[in-house]
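Engineer: sequence? don't have it. structure:
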């Protein structure tokens, strides 16, 4: 469950890059009940909304070589300063800081393990209108090929504390939260990809979890509408019931029936 979402370093925005916006609208509307609102034909970008409140953005693939993916934006007070910190910490600036009309200022990065993410410096738009409710983001998570390197990097560029969380099964997992706020404040999770996953070609990536009243039913609905279930419904102690899919165009996301909501 996301907490302290308006503090620096918190997830502020999500958007989907996809080769088929109309297909994505159809899929996510069927699975989560989202409605689509265009930002205008000249922009090529739009918003997913639930009950009139924005839960995510969606747009075409604009970066050369980019594949379908959800991008997580973390809140920053100064996107330009964060870009410099990313470079000092060994990351890459993929998209230099730039203004998004009067909505805010954004920048896109790649961490040293290869995971892509972005930051949002709020202007007129503070961030998402709805989180932690069914049909909206409830968590963001990093799968990483090098948890130690990821931990050092993100603590260098965002005001985070990261603590280990025992999850069993030989997995290495950590939780990120606002610096100094204590263990109950959560921005997201970080998981070391097991060796067999890395050997099979798994790479570092950020992905969102969308809350749902019934994980099993939502996974079934996603599959019925063309998604591929890559992790079937399972109980995650302390978190709830979760599963992961690739949408019909290959973008990964997870669903969660949170035990803390």
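Structural biologist: Noted; the coordinates are in hand. Computed from a predicted structure; not experimentally measured.

Engineer: got the contact list for stretch 49-64?
Structural biologist: For stretch 49-64, the external contacting residues (Cβ atoms under 8 Å, 6 or more residues apart in numbering) are 13-19, 21, 24-25, 32-37, 44-48, 67-68, 70, 94-95, 108, 128-131, 133, 135-137, 208. Yep, even glycine has a C-beta here, placed from its N, CA and C like the rest.

Engineer: from these, which ones fall inside strands?
Structural biologist: Among the contacts of stretch 49-64, the members falling in strands (DSSP state E) are 13-18, 35-37, 46-48, 70, 94-95, 108, 137, 208.

Engineer: list only those of these flagged as buried.
Structural biologist: 13-18, 36, 46-48, 70, 95, 108, 137, 208 (16 or more other Cβ atoms under 10 Å).

Engineer: what's the most distant pair in the residues you listed?
Structural biologist: Spanning the widest gap among these are 36 and 95, at 23.9 Å by Cβ to Cβ.

Engineer: can you report phi and psi for residue 29?
Structural biologist: Main-chain dihedrals, residue 29, degrees, to the nearest 10: phi -70, psi -40.

Engineer: is it in contact with residue 23, as I believe?
Structural biologist: No. Because the distance of 10.7 Å does not satisfy Cβ atoms under 8 Å, residue 29 is recorded as not touching residue 23.

Engineer: ok, residues contacting the helix or strand of the chain with the lowest mean pLDDT?
Structural biologist: Taking all helices and strands of the chain together, the one with the lowest average confidence (mean pLDDT, DSSP states H and E) is helix 195-199, at a mean of 88. Contact with helix 195-199 is made by residue 145, as judged by Cβ under 8 Å, 6+ apart.

Engineer: for it, which positions count as buried?
Structural biologist: Under the neighbour-count criterion of 16+ other Cβ under 10 Å, helix 195-199 has nothing buried.

Engineer: got it, and stretch 228-242?
Structural biologist: Of the residues in stretch 228-242, those buried under the neighbour-count criterion (16+ other Cβ under 10 Å) are 233, 239-242.

Engineer: one more: stretch 18-27?
Structural biologist: 18, 21, 24-25, 27.

Engineer: which SSE is the closest residue in space to residue 16 that isn't next to it in sequence in?
Structural biologist: Once its chain neighbours are removed from consideration, residue 16 has its nearest residue in residue 58; the separation is 4.5 Å (Cβ to Cβ, 6 or more residues apart in numbering). When elements are assigned from DSSP states H and E, residue 58 belongs to strand 53-60.

Engineer: that strand pairs with which strands, parallel or anti?
Structural biologist: Strand 53-60 has its sheet partners listed here by DSSP bridges as strand 11-18 (parallel), strand 46-50 (antiparallel).

Engineer: any chance of the ones you listed in a markdown table with mean pLDDT and distance to residue 246 as columns?
Structural biologist: Below are the strands paired with strand 53-60 laid out as a markdown table (pLDDT from 0 to 100; distance: least, Cβ to Cβ, whole Å):
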| stretch | mean pLDDT | distance to residue 246 |
| --- | --- | --- |
| strand 11-18 | 97 | 12 |
| strand 46-50 | 97 | 18 |
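
Engineer: cool, thanks, signing off.
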